[in-house]
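**Q** Show me how the following folds:
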Amino acid sequence: MADQTHVLFVEDDDVIREATQLALERDGFAVTAMPDGLSGLEAFRTDRPDIALLDVMVPGLDGVSLCRRIRDESTVPVIMLSARADSIDVVLGLEAGADDYVTKPFDGAVLVARIRAVLRRFGHASGGDRTDDPGAPATGGGLLTFGELEIDTEGMEVRRAGGPVALTPTEMRLLLEFSSAPGTVLSRDKLLERVWDYGWGGDTRVVDVHVQRLRTKIGQDRIETVRGFGYKLKA
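**A** This is a model prediction of the structure:
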C-alpha cells in the first residue's frame with residue numbers, strides 16, 4: 001500500500017461500494033471502503049489516505065459533514081459523490097471544502113479520470129508514487145504583493161495584512177493563476193482547464209464556489225467578477 005495512492009471511499013450502497021472498490025484496485029489504487037460517515041472518519045484518522053471519495057447521503061455522519069471534519073484536520077483532496085445533480089448537493093459539498101464532485105451513476109473510467117486530475121493538482125502520481133506537479137502555473141518565483149495581500153510563490157505561503165492565510169492546494173492554485181496575470185480576465189472554462197485540469201467541459205459551479213471561498217480568505221474585493229466573462233485579480 002505504501003507504493004500506491006491510497007483512496008478512502010465512503011459509500012453506504014453495498015453493490016456500488018464493492019464494484020467501485022474493485023474497479024479502483026484494478027487501476028492500481030489501494031482502497032479503504034467504509035459504509036458510513038463515522039467509520040469513514042475513523043479510517044481517515046487512522047490511515048491518512050491520499051484522497052477521499054465521499055458519498056453525500058451516508059448514515060451516521062453525512063458526506064458533507066464528514067468533508068467538513070476532514071477539512072478541519074487536513075488539506076487532503078476530497079471528491080464528493082452525489083446521486084443527484086442537484087445544485088444544493090453540489091454547492092454544499094464544495095462549500096464544505098470539497099475539491100470536485102461526480103454525479104452518480106458514474107462511469108468507472110470517468111471517476112478514475114477525475115481522481116487522477118485531482119491527484120495531479122495535489123502533486124501525486126495517480127496509482128503510484130508522488131511526484132512534482134508539472135501543471136502548476138509559472139509565476140517566476142519571489143514575493144508578489146497586491147495591497148495587503150502577499151503571495152510567496154516559492155514558499156507557497158500567503159499573508160494578508162501580515163497574518164498567515166490558510167489555503168487548500170486548490171485554492172492556492174486558483175490564486176496563483178490570478179496572480180500570474182493580475183488585471184486579466186480569466187474565464188471559468190479557462191480556470192477549469194488550468195486549475196482543475198479539465199481537458200473536457202466541466203461544471204463552472206466548481207469555479208464559482210472556490211472563488212467565493214478564496215474571497216473570504218483574501219478579501220471580498222480582491223477578486224472582481226466581470227459579468228459574462230469571468231474573474232480577475234485586482235492589480
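
**Q** Number of residues surrounding the residue nearest to Leu53 when sequence neighbours are not counted?
**A** Excluding its sequence neighbours, the residue lying closest to Leu53 (C-beta to C-beta, 6 or more residues apart in numbering) is Phe9, at 4.7 Å. To be clear about C-beta, it is placed using only N, CA and C from the backbone, and glycine gets the same treatment. Number of residues near Phe9 (other C-beta atoms under 10 Å) recorded here: 24.

**Q** who's in contact with the nearest residue to Ala96 once chain neighbours are set aside?
**A** Excluding its sequence neighbours, the residue lying closest to Ala96 (C-beta to C-beta, 6+ apart) is Cys67, at 4.2 Å. Cys67 makes contact with Ala52, Leu54, Val78, Met80, Gly93, Ala96, Gly97, Ala98, according to C-beta atoms under 8 Å, 6 or more residues apart in numbering.

**Q** how about Cys67, phi and psi?
**A** Dihedral pair for Cys67: phi -60, psi -40, per degrees, to the nearest 10.

**Q** re earlier: from the contacts of Cys67, which shows the smallest pLDDT?
**A** Within the set of those, pLDDT is lowest for Gly93 (89).

**Q** returning to that earlier point: the residue nearest to Leu53 and Arg222, how far apart?
**A** Going from Phe9 to Arg222 by C-beta to C-beta, to the nearest Å gives 37 Å.

**Q** what do you get for Thr32?
**A** Using C-beta to C-beta, one gets 39 Å for the distance from Thr32 to Arg222.

**Q** swap in Ala161?
**A** 12 Å.

**Q** Looking at these two, which one has more neighbours?
**A** More crowded of Ala161 and Arg222, by other C-beta under 10 Å: Arg222, with 18 against 10.

**Q** is it true that that one touches Val158?
**A** No - using C-beta atoms under 8 Å, Arg222 makes no contact with Val158, being 11.2 Å away.

**Q** and Val211, what helix or strand is that in?
**A** Element membership for Val211, per DSSP states H and E: helix 205-218.

**Q** Just name whatever secondary elements the helix or strand just after that helix is in contact with.
**A** Going down the chain from helix 205-218, the next helix or strand is strand 223-226, by DSSP H and E. With contacts taken as 3 or more C-beta pairs under 8 Å, 6 or more residues apart in numbering; DSSP states H and E, strand 223-226 sits against helix 205-218, strand 230-233.

**Q** Contacts only, for the residue nearest the centre of the chain.
**A** For the chain, Asp99 is the residue whose C-alpha lies nearest the centre (C-alpha atoms, centre = their mean; 2.0 Å). By C-beta under 8 Å, 6+ apart, the residues touching Asp99 are Pro77, Val78, Ile79, Val118, Arg121, Thr168, Thr170.

**Q** can you pull the pLDDT of the residue nearest to the fourth one when sequence neighbours are not counted?
**A** Taking C-beta to C-beta, 6+ apart as the measure, Val118 lies nearest to Pro77, with 4.7 Å between them; neighbours along the chain are not counted. Predicted confidence (pLDDT) for Pro77: 94.

**Q** quick one on the thing from earlier: how about the contacts of Asp99, which pair is most distant?
**A** Using C-beta to C-beta, the two most remote members of these are Ile79 and Thr168, lying 13.2 Å apart.
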